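**Student:** Provided below are the primary sequence and the corresponding predicted coordinates.
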Amino acid sequence: LGVLAVVLGDAAATHPNREVSASGLVCLASLSRALGPAVLPYLSVFFPLALERLEAALQGLAVSATRKQRQQQQRRQLQRGVRSGGGGGTGAGGGGKQGKAKRSGKKETALAAADNASVLLAMAATSVIDAALARFPQFLSPFVGPLLRALTHPALGHIAAVQARQLQQQQDERADSDSVALTQRGGGGGGGAGKAAHAVSVAEEKLVRQRSALLAKMDEVRSRVAARIAPRVFLPALFEVFDSLLKDSPRGNGGRSVLVPLFRMLAAAIAAMSRADCAAHQQGLFRFFLRALDYRVAGPRREAPMAWLEAAEEGSDGATPSSDDESSSSSSSSSSSDDDDDDGNGKKSGGAQANAAAASAAPISVSMQYAGANVADVEAGVIDALAALVLRLSEASFKPMFLKLFDWATRPGVAPAPRALTFYRIMARLTDQLKALMTPYVVHVLSDAAARLEANGAPLAAGADAQKPRGVKRRRAAGSDDGSGSGSGSESESESASDDYENEGEGPGSERGSGGHGEGVSVEGTEGLCNASELLHYVLSTLHLGFLHDNGGAGGAGGAGGLFAVSGAERFDLVARPLVAQLCNRVGGAAAYQRRCERVLVPCIAQFALALGGLSGSDDERTGNGAAWKRLDNEVLSQTRHRSADVRFAALRALQGIYQTLGEEWLINLPQEVPFLAELMEDDSVEVEAATQKLIALIETYLGESLQKYF
């Protein structure tokens, strides 16, 4: 054990040089694995040291990445300047640009070497933590909070985002280097700049591989923490870390990225819990989930400056252990950044000077895309953890939790509108996971789901001009004032409708409301449309999965417990019209409308028709499946006369889906479909006409004869 005192001294683990410190930490990790609990007298010394070194290394990597991003922008401009100089390498301007590229490449290579040392230090510190978790996790209770904070440091999110971007940048830079090489061969100059660019590329590729290994190692350690730390210690610490991340790292910056692995840890911990631990912590976990699920409505909707990164950048020279050479290279790269803009004649180039000034003046912030995880990603992580908890519960425990969750999302005047979107994401996930076991709960939300479909319905369906006159073929009118054209004109109609929503704040997703409780999905600008489109997607997905796994409608057997086995007529009336009306609801734009139709709406209508098989055993003719199918068929057929070709096409796809699901059983509706099909055979839209031909061919396979004689 005497060697531990030496390893923990200034000559090894606490040495200011990062490579030496990393070597000392690797030695500590090996001793911990070999000696086990024998090193416990030194635990209070080396474990906080490992956490400190890990946070310092991660912070240094994040600061360096921010600096290099600025320098890479300048370097790309210099490379473009070299290419624009072409064969003018013999001139003063060409030689100056090549010299700047060389100097920039050398400094970036030095920064990459410093980053390599930081990665080694972080890997070594992670190895110490991993060894302690493997050998004596029971003695780490005092350090669990700091450990979770280190494993979810905002710098990790920043590093992961930079890692993803640099993989793409490397490909772009290879293309630039090849272009520079061709220019140099053609013009006879610039060889030094090409070599510098190649050296930088090699160093960056090595650093990317090392960062990938570091991030993978961090994932392993998080998994071990979730599995090895007792829930009574782990859960309170995780709740505290979540609160601190929300407070110190609001939604607009890199803190959002580390929330995703935080919830992955929670899901792994729940999966590893014993039944007794799960029952003991159920209430506390549910209260935490209600707070976490409010992430969509909590916090500002804006970019937030990364205060920790600004502070770290100001004091980066003394914040992390470093050698004298590394400190000098880092400071020289920072202090001489302005020198890179010299054009070779001692003068600043106008474009480079402006770009350098803009880069130095810009605040260090991370947008929603750059942070590496958006609100939906974080919410998905929370839902995954919640689903892991539901799998561990009995139905007696789950039902009251579900009712509280439903009330949390839909209580009139209390629940914020975005909670409905979160709730139906949960419903879709649980229904997909639990299948028929969720049927009673789908029944419970059926009324609210129908109300939200109706509230977020299509404004075009309400007008008298939503349908073209029966028996009249709609002709193309390229410049018609009434907007009655189709085909290519249907796209302009969809775009026009989308633009109207965005400009006027009307339509689905605005203050019209989004649910039966009168709460609308009201968010300013385009984001409101996206939320309304997302809400529709998950409501339809919930209904689709509920119909799909409804045992009562399977094969028309009318089994007990189906969605339409009890009060079938009322539920049909509740769902049928608002569901089919979504065929003409193009909220979110043409692309979102097409995705929604193909992925959830058309399958939902088809499975809805199948689920209506549960009505077949009723004595009331109005509630029999034949009458219900006829009414549903009428609703879909009415959309085939919509003024938009997109809607007519979607209605045909819905009929095709129904035939593919029910087959010859749906032929009882063929007589009322024939007049509509005859009209669609002469539709002015090529896509609609082709879809009609495809549907007729499908019907003929079940009918056994040609339909042409009926037209």
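**Tutor:** Perfect, thanks for sending it. Numbering: from 1, shown residues only.

**Student:** thought residue 145 was touching residue 240, still the case?
**Tutor:** Yes - contact criterion C-beta atoms under 8 Å: residue 240 and residue 145 qualify, at 6.2 Å. Placement of C-beta: from N, CA and C, glycine included.

**Student:** right, and the helix or strand after the helix-or-strand element of the chain with minimal mean pLDDT?
**Tutor:** Lowest by mean pLDDT, DSSP states H and E among the helices and strands of the chain is helix 488-504, with a mean of 35. Following helix 488-504 in sequence order, the next helix or strand is helix 526-548 (DSSP states H and E).

**Student:** any buried residues in the very next helix or strand once past that following helix, and which?
**Tutor:** Downstream of helix 526-548, the next assigned helix or strand under DSSP H and E is helix 568-581. For helix 568-581, burial by neighbour count (16 or more other C-beta atoms under 10 Å) applies to 568-569, 571-572, 574-581.

**Student:** and of those residues, the nearest to residue 589?
**Tutor:** The shortest approach to residue 589 among the buried residues of helix 568-581 belongs to residue 581, at 18.3 Å (C-beta to C-beta).

**Student:** if we go by neighbour counts, what in stretch 404-420 is buried?
**Tutor:** Residues of stretch 404-420 classed as buried by neighbour count (16+ other C-beta under 10 Å): 405-406, 408-410, 415, 417-420.

**Student:** which element is the closest residue to residue 577 other than its chain neighbours on?
**Tutor:** Leaving aside its sequence neighbours, residue 577 sits nearest to residue 635 (C-beta to C-beta, 6 or more residues apart in numbering; 6.3 Å). Per DSSP H and E, residue 635 falls inside helix 625-639.

**Student:** for that helix, name the packing helices and strands.
**Tutor:** helix 568-581, helix 602-611, helix 645-662, helix 670-680 (3 or more C-beta pairs under 8 Å, 6 or more residues apart in numbering; DSSP states H and E).

**Student:** tell me where the model's unsure across the stretch 351-500 of the chain.
**Tutor:** The model of the stretch 351-500 of the chain has pLDDT under 70 over residues 351-373, 458-500.

**Student:** nope, the chain is what I was after
**Tutor:** Residue ranges of the chain with pLDDT under 70: 1, 68-112, 166-204, 248-256, 299-373, 458-530, 552-561, 565, 614-625.

**Student:** which other residues reach stretch 281-300?
**Tutor:** The contact list for stretch 281-300 (C-beta atoms under 8 Å, 6 or more residues apart in numbering) reads 231-232, 235, 239, 242, 246, 250-252, 259, 263, 270, 273, 375, 378-379, 382-383, 385-386, 389, 393, 397, 401, 404-405, 408, 416, 418-419, 421-422, 426.

**Student:** among those residues, name the buried ones.
**Tutor:** Buried members of the contacts of stretch 281-300, counted by 16+ other C-beta under 10 Å: 231, 235, 239, 242, 246, 250-252, 259, 263, 270, 273, 375, 378-379, 382-383, 385-386, 389, 393, 397, 401, 405, 408, 418-419, 421-422, 426.

**Student:** looking at those residues, which are in strands?
**Tutor:** The strands in this structure, assigned by DSSP state E, contain none of those.

**Student:** please flag which of these sit within helices.
**Tutor:** Secondary structure from DSSP state H places 231, 235, 239, 242, 246, 259, 263, 270, 375, 378-379, 382-383, 385-386, 389, 397, 401, 405, 408, 418-419, 421-422, 426 of the buried ones among the contacts of stretch 281-300 in helices.

**Student:** count of neighbours near residue 655?
**Tutor:** 28 (other C-beta atoms under 10 Å).

**Student:** test my guess that it contacts residue 673.
**Tutor:** Yes - using C-beta under 8 Å, residue 655 is in contact with residue 673, at 7.5 Å.

**Student:** so what sits against both of these two?
**Tutor:** residue 637.

**Student:** contacts for the helix or strand residue 233 falls within?
**Tutor:** Counting by DSSP H and E, the element that carries residue 233 is helix 231-248. Applying C-beta under 8 Å, 6+ apart, the external contacts of helix 231-248 come out as 141, 144-145, 148-149, 152, 154, 225-226, 255, 258-259, 262, 265-266, 269, 273, 277, 280-281, 284-285, 288, 292, 295, 298-299, 307-308.

**Student:** tell me which of these fall in helices.
**Tutor:** Using DSSP H, the subset of the contacts of helix 231-248 located in helices is 144-145, 148-149, 154, 225-226, 255, 258-259, 262, 265-266, 269, 277, 280-281, 284-285, 288, 292, 307-308.

**Student:** just the buried subset of those, written out for PyMOL, thanks.
**Tutor:** To isolate the buried ones among the ones in helices among the contacts of helix 231-248 in PyMOL, judged by 16+ other C-beta under 10 Å, type:
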select buried, resi 144+145+148+149+154+225+226+255+258+259+262+265+266+269+277+281+285+288+292+308
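
**Student:** skipping adjacent residues, who's closest to residue 421 in space?
**Tutor:** Leaving aside its sequence neighbours, residue 421 sits nearest to residue 535 (C-beta to C-beta, 6+ apart; 4.7 Å).

**Student:** also residue 663?
**Tutor:** Spatially, and ignoring its direct neighbours in sequence, residue 663 is nearest to residue 702 (5.7 Å; C-beta to C-beta, 6+ apart).

**Student:** these two touch, right, the one you found and residue 664?
**Tutor:** Yes - counting by C-beta under 8 Å, residue 702 does reach residue 664; the two are 4.3 Å apart.

**Student:** so whichever strand or helix holds residue 442 versus helix 526-548, what angle?
**Tutor:** Element membership for residue 442 (DSSP H and E) is helix 439-455. On the basis of axes from the mean of the first three to the mean of the last three C-alpha atoms, to 10 degrees, helix 439-455 is oriented at 140 degrees to helix 526-548.

**Student:** mind giving me the packing neighbours of helix 439-455?
**Tutor:** For helix 439-455, the packing partners by 3+ C-beta pairs under 8 Å, 6+ apart come out as helix 395-410, helix 418-434, helix 526-548, helix 568-581.

**Student:** the longest one: which residues count as buried?
**Tutor:** This points to helix 526-548. 528-548.

**Student:** quick one: it to helix 568-581, angle?
**Tutor:** If you take the same axes, to 10 degrees, helix 526-548 sits at 140 degrees to helix 568-581.

**Student:** neighbours of the spatially closest residue to residue 42 that is not a sequence neighbour, how many?
**Tutor:** In this structure, residue 42 finds its nearest non-sequential neighbour in residue 4, 5.2 Å apart by C-beta to C-beta, 6+ apart. By the criterion of other C-beta under 10 Å, residue 4 has 20 neighbours.

**Student:** before we move on, what about residue 283?
**Tutor:** Counted with other C-beta under 10 Å, residue 283 comes out at 10.

**Student:** if I look at it, how far off is residue 235?
**Tutor:** 12 Å (C-beta to C-beta, to the nearest Å).
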